[in-house]
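> Just to be clear, the model below is a prediction. Sequence and coordinates:
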Amino acid sequence: MSIADNIRRIRLQHDMTQEEFGKVASVSAMAVSQWENGRAVPRMGAVQRIADYFNISKGEVIDEEADAIA
């Protein structure tokens, strides 16, 4: 899975809107949309906030093989 797929999967697993997920990562809903559509990638600070909030590894957010973990 791509980073975009991983972010969408994590957000949907927790039944969150893009706006709610953006608050977790300290970004806008538009930024989350850009990530999920593969037009942008999150900065490491946002990845760390996502990982910390959901108690997952940063690898689950950014690794191409994260689908094997989930």
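That came through, no problem.
> right, and T17 touches A29 too?
Yes. Using CB atoms under 8 Å, T17 is in contact with A29, at 7.3 Å. No exception for glycine: its C-beta is placed from N, CA and C like everyone else's.
> more crowded one of those two?
Shown here are T17 and A29; by other CB atoms under 10 Å, A29 has more neighbours (14 against 11).
> looking at this structure, which helix or strand is least sure?
Lowest on mean pLDDT, DSSP states H and E among the helices and strands of the chain sits helix 66-69, with a mean of 49.
> who are the neighbours in contact with the closest residue to Y53 other than its chain neighbours?
Spatially, and ignoring its direct neighbours in sequence, Y53 is nearest to V24 (4.7 Å; CB to CB, 6 or more residues apart in numbering). Residues counted as contacts of V24 (CB atoms under 8 Å, 6 or more residues apart in numbering) are M16, R49, I50, Y53, F54.
> Many thanks, have a good one.
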